[in-house]
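Undergrad: sequence plus the predicted model coming up.
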Amino acid sequence: GITPKYKNNKTYLSVTHIISYIFSFFHFIGTKMVPLKYNDIFIYMNRKNIEDNKRATINFAIIQNNIEDSVPQLIENENKTGGYIDFGKDNKFPYHIFNCYQKNALMNSIIDTFVDYIMGDGIEVNNLPKYINRKNQTIEELIRMLAYDYCLYNCFAFQVIRNSLNAIVELNYVDVRHVRVNEAEDTIYYNNWETNKSRKNIISYPRYNMNSVVPNSIFWYKSPITKTHYPSPMYIGSLTSLYIMNEITNFHYSQVKSAFCPSAIVNFNNGTLAGNEELAEEIEAKFYEKFQGSGNAGRIVLSFNESAETATTIERLADDNYDQKYSTLKDTITNDIYVGFRINPILLGGINQSTTGFNKQEFSEAFTLFSKTKIAPIQKTIQTTINNMFGEDTIKFKPFIIDWGDEKESGMIPVQEEEINNTIKNI
């Protein structure tokens, strides 16, 4: 559908047509957005080539699929041959979540803040040895890892080893990314599903039961509000926004790499280099090396030509202010992420733009609400899990205290324990 234009016996694609063709792939309807990457597109055609029925090659820059295709879907299907339930459409849902956590600065900061508040000022430990496994890991180190998994995936797991007298003698952290369950959820399948696809690498364990005498089992806890075999993350409603934010970051990175310049068409009007692809690639490589990138901003392009008729021409494509559109969109999705995590940005060290700086009262109110609704329930879940295994008061979270000088504010707020206790005891 692109109509060529003719000039000086040579055929060019209209800039207008090129723009309409490229940008038909890019739209900003709701969250269905694809980032524009500023890579140059070279298009050069010669009328003689067309008349001689020679094929013209057009190389486009990278065009990504719709953002919706990149967001992982929590779809469960039973693996008939393996006997386990797939965790996500490609059985890699938790791996995708972890990768997002590593790439997204805001998500990273929120999860780390969650864990810091959960751990409080440490843990009181009674009637437990200093180390709880052969890796010389303390119970506090184990609990911190469980807290991370709970905040990331809304579940956690660890291995329970008993001795011949049926006493628990060792606890080992189990990465939730590698855990799968069967239909009845009484068997745990362990494997690195991202790299190991062979069934021979899968190890099965019975799920932990406090009345069982099995020497080696896996304790698996998932959020009680889970309706399926695997839980959705607590921030599932803002998962798409997290992925959009990653793409916005990639967009700005691409802008820096391309020296904040819009795309351009560079026409070398003194020959098509047909049949000499190696020379064409060499010219293109040298051009990119010399003029593209963050270190070449504002440099002057010099072109040496035999005459004005064969001069190199550069046509700039309008960028349509995509940097401003992305910045505006980023503000919207950032707020959506905060809502998804149910956290006030001031708890991350942010400053309320409506005030002149840090507001102690606002922080205290946000901290109290956050501790009561998000932190305390997670603390109680982990605390009750360990205490049910080893006895009451085996561990206890020390309140997170904010020292304001003359006054102290505690982050540990009592919650109703009966519901949490009953949930864990049923496991």
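TA: Perfect, I can see it now. Residues are numbered from 1 along each chain as shown.
Undergrad: so where does Lys325 fall, helix or strand?
TA: helix 322-341 (DSSP states H and E).
Undergrad: average pLDDT for that helix?
TA: What helix 322-341 shows for mean pLDDT is 84.
Undergrad: cool, and stretch 135-143?
TA: 97.
Undergrad: list the buried residues in that stretch.
TA: Neighbour counts over stretch 135-143 (16 or more other CB atoms under 10 Å) mark Gln137, Thr138, Ile139, Leu142, Ile143 as buried. The way it works is simple: take the backbone N, C-alpha and C, and place the C-beta from them, glycine included.
Undergrad: ok, stretch 366-376 next?
TA: Ala366, Phe367, Phe370, Ser371, Lys374, Ile375, Ala376.
Undergrad: and these, which is closest to Arg199?
TA: Using CB to CB, Lys374 comes nearest to Arg199 of the buried residues of stretch 366-376, at 39.3 Å.
Undergrad: residue contacts, the closest one?
TA: Shown in contact with Lys374 (CB atoms under 8 Å, 6 or more residues apart in numbering): Phe114, Arg342, Ile343.
Undergrad: how does it look with 7 Å?
TA: Arg342 (CB atoms under 7 Å, 6 or more residues apart in numbering).
Undergrad: over to the one 5 residues further on?
TA: Neighbour list for Gln379: Ile118, Phe397 [criterion: CB under 7 Å, 6+ apart].
Undergrad: heads up, I number from 3, so please use that
TA: From this message on, residue numbering opens at 3, which makes the last subject Gln381.
Undergrad: that one belongs to a helix?
TA: Yes - counting by DSSP: H, G, I helix; E, B strand; the rest coil, Gln381 is found in a helix.
Undergrad: save the buried residues of stretch 368-378 as a markdown table, and put in pLDDT and secondary structure too.
TA: Output for those, formatted as a markdown table (pLDDT from 0 to 100; DSSP: H, G, I helix; E, B strand; the rest coil):
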| residue | pLDDT | secondary structure |
| --- | --- | --- |
| Ala368 | 90 | helix |
| Phe369 | 90 | helix |
| Phe372 | 93 | helix |
| Ser373 | 92 | helix |
| Lys376 | 93 | helix |
| Ile377 | 94 | helix |
| Ala378 | 94 | helix |
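Undergrad: from the residues you listed, pick the one nearest Phe95.
TA: Lys376 (22.5 Å).
Undergrad: turn the buried residues of stretch 368-378 into JSON lines, including distance to Asp405.
TA: As requested, the buried residues of stretch 368-378 are exported to JSON lines (distance: CB to CB, whole Å):
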{"residue": "Ala368", "distance to Asp405": "18"}
{"residue": "Phe369", "distance to Asp405": "13"}
{"residue": "Phe372", "distance to Asp405": "18"}
{"residue": "Ser373", "distance to Asp405": "16"}
{"residue": "Lys376", "distance to Asp405": "22"}
{"residue": "Ile377", "distance to Asp405": "18"}
{"residue": "Ala378", "distance to Asp405": "20"}
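Undergrad: and those, which two are furthest apart?
TA: Ala368 and Ala378 (14.7 Å).
Undergrad: on that earlier part again, go through the helix holding Lys327 and flag the buried ones.
TA: Those would be Tyr324, Tyr328, Leu331, Lys332, Ile335, Thr336, Asp338, Ile339, Tyr340, Gly342, Phe343, for helix 324-343 by 16+ other CB under 10 Å.
Undergrad: list the helices and strands that helix packs on?
TA: When contacts are defined as 3 or more CB pairs under 7 Å, 6 or more residues apart in numbering; DSSP states H and E, helix 324-343 sits against helix 107-121, helix 241-259.
Undergrad: could you give the angle of that helix to helix 241-259?
TA: 150 degrees (axes from the mean of the first three to the mean of the last three CA atoms, to 10 degrees).
Undergrad: for helix 324-343, give me every contacting residue.
TA: Helix 324-343 is contacted by residues 30, 38, 108, 112, 237, 239-240, 243-244, 246-247, 250, 253, 257, 347 when judged by CB under 7 Å, 6+ apart.
Undergrad: can you check stretch 147-160 too?
TA: Contacts for stretch 147-160 (CB under 7 Å, 6+ apart): 96, 99-100, 103, 113, 116-117, 120-121, 144, 173-176, 178, 181, 220-225, 233-236, 380, 384.
Undergrad: CA atoms only for that stretch, dumped as PDB, please.
TA: This file holds the C-alpha atoms of stretch 147-160, laid out as PDB (Å, rounded to 0.1, in the frame of the first residue of the first chain):
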ATOM      1  CA  MET A 147      14.000 -14.900  52.300                       C
ATOM      2  CA  LEU A 148      10.500 -16.200  53.000                       C
ATOM      3  CA  ALA A 149       9.300 -12.600  53.400                       C
ATOM      4  CA  TYR A 150      10.700 -11.700  50.000                       C
ATOM      5  CA  ASP A 151       8.900 -14.600  48.300                       C
ATOM      6  CA  TYR A 152       5.700 -13.700  50.100                       C
ATOM      7  CA  CYS A 153       5.800 -10.100  48.800                       C
ATOM      8  CA  LEU A 154       6.800 -11.100  45.300                       C
ATOM      9  CA  TYR A 155       4.600 -14.200  44.700                       C
ATOM     10  CA  ASN A 156       2.100 -14.200  47.600                       C
ATOM     11  CA  CYS A 157       3.500 -17.600  48.700                       C
ATOM     12  CA  PHE A 158       6.600 -19.200  50.200                       C
ATOM     13  CA  ALA A 159       8.100 -22.600  50.700                       C
ATOM     14  CA  PHE A 160      10.800 -24.300  52.700                       C
END
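Undergrad: ok, Asn93 - contacts?
TA: So Asn93 contacts Trp195 (CB under 7 Å, 6+ apart).
Undergrad: how near is it to Gln75?
TA: Asn93 sits 11 Å away from Gln75, taking CB to CB, to the nearest Å as the criterion.
Undergrad: go ahead and confirm Val178 touches Pro96.
TA: Yes - Val178 lies in contact with Pro96 (CB atoms under 7 Å); the separation is 5.9 Å.
Undergrad: just to revisit the earlier point, Ile87: which of the buried residues of helix 324-343 is nearest?
TA: For the buried residues of helix 324-343, the residue nearest Ile87 by CB to CB is Gly342; the value is 25.4 Å.
Undergrad: nearest residue to the closest one in space, please, no chain neighbours.
TA: Ser240 (2.7 Å; CB to CB, 6 or more residues apart in numbering).
Undergrad: from Val162, how far out is the residue lying closest to Ile112 once chain neighbours are set aside?
TA: In space, and not counting its chain neighbours, Ile112 is closest to Phe343: 5.2 Å by CB to CB, 6+ apart. From Phe343 across to Val162, the span is 31 Å (CB to CB).
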